[in-house]
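J.: only the shape, not the letters, is given here:
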């Protein structure tokens with residue numbers, strides 16, 4: 001069994017607050033390696049998920065479907081060839097689609113048990129303990145996320161430099177052709 005580390009980045013719940021979560025903080029962050037091999041920084045929170053329904057008189061209304069629904073936002077760095085762009089390849093941070101690894105956030109509540117279940121489902125490993133530790137999460141970001149980010153940004157930088165070198169060669173060839181034409185014109189006179 002493993003321990004899941006979370007960085008509490010929101011406000012703590014007040015002692016007299018009637019919030020139905022046992023998490024204790026409004027916003028948590030974790031960094032894990034997803035089961036598809038991508039490092040992901042995940043932000044967690046709770047919210048009241050609403051759904052629409054049609055009332056008896058035919059009007060569309062909304063009601064609370066889950067008072068303690070889990071909100072997740074994942075971020076990962078990926079490389080984009082961008083063959084249709086004059087700027088060339090790039091690397092950037094983009095939202096992570098949890099559905100791509102078979103996870104629907106609607107199946108989870110903002111509770112300790114469901115946070116463990118969510119992390120376990122994302123990673124494919126079994127977690128059984130939660131620890132709130134900002135330094136440990138920062139270490140995980142440096143160990144898991146940053147090396148991939150640096151590698152992809154470096155790859156994009158090298159690819160853009162290669163494109164720029166090729167463009168410079170083309171420009172120099174065009175300049176040389178222009179010089180030759182000008183020389184020929186001068187010889188004609």
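T.: Noted; the coordinates are in hand. What you see is a predicted model; the values in this text were computed from it and never measured.

J.: which of the helices and strands in the chain ranks last by mean pLDDT?
T.: Taking mean pLDDT, DSSP states H and E as the measure, strand 90-96 is the helix or strand of the chain with the lowest mean score, a mean of 76.

J.: can you tell me the centre-most residue of the chain?
T.: Against the mean C-alpha coordinate of the chain, by C-alpha atoms, centre = their mean, the closest residue is residue 75 at 1.3 Å.

J.: correct me, but that one touches residue 40?
T.: Yes: here residue 75 reaches residue 40: they are 6.9 Å apart, a contact under C-beta atoms under 8 Å. The way it works is simple: take the backbone N, C-alpha and C, and place the C-beta from them, glycine included.

J.: three-state assignment of the residue nearest to the centre of the chain?
T.: Local secondary structure at residue 75 is given as strand here, using DSSP: H, G, I helix; E, B strand; the rest coil.

J.: quick one: residues contacting it.
T.: 40, 41, 42, 43, 93, 94, 95, 96 (C-beta atoms under 8 Å, 6 or more residues apart in numbering).

J.: what do you get for residue 106?
T.: Taking C-beta under 8 Å, 6+ apart as the criterion, residue 106 is in contact with 49, 66, 69.

J.: quick revisit: ok, the residue nearest to the centre of the chain to residue 69 distance?
T.: Using C-beta to C-beta, to the nearest Å, one obtains 20 Å as the distance from residue 75 to residue 69.

J.: what's the single longest helix in this protein?
T.: The longest helix of the chain (DSSP state H) is helix 146-188.

J.: which other helices and strands contact that helix?
T.: strand 60-80, strand 90-96 (3 or more C-beta pairs under 8 Å, 6 or more residues apart in numbering; DSSP states H and E).

J.: wasn't residue 129 part of a strand?
T.: Yes: counting by three-state DSSP, residue 129 falls inside a strand.

J.: is residue 44 within a helix or a strand, and which one?
T.: If you go by DSSP states H and E, residue 44 is part of strand 39-54.

J.: pull out the buried residues from that strand.
T.: Neighbour-count burial for strand 39-54, with 16 or more other C-beta atoms under 10 Å as criterion, is recorded at 39, 40, 41, 42, 43, 44, 45, 46, 49.

J.: turn those into CSV, columns for pLDDT and distance to residue 55.
T.: Supplementary listing: the buried residues of strand 39-54 in CSV, determined by pLDDT from 0 to 100; distance: C-beta to C-beta, whole Å:
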residue, pLDDT, distance to residue 55
39, 90, 46
40, 90, 40
41, 90, 41
42, 92, 37
43, 92, 35
44, 92, 33
45, 89, 30
46, 86, 27
49, 84, 19
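
J.: just curious, which of those residues is nearest to residue 109?
T.: Nearest to residue 109 out of these is residue 46 (C-beta to C-beta; 7.8 Å).

J.: how much space separates the closest residue to that closest one other than its chain neighbours from residue 27?
T.: By the measure of C-beta to C-beta, 6 or more residues apart in numbering, the closest residue to residue 46 outside its immediate chain neighbours is residue 110, 3.1 Å from it. For residue 110, the distance to residue 27 under the criterion C-beta to C-beta works out to 10 Å.
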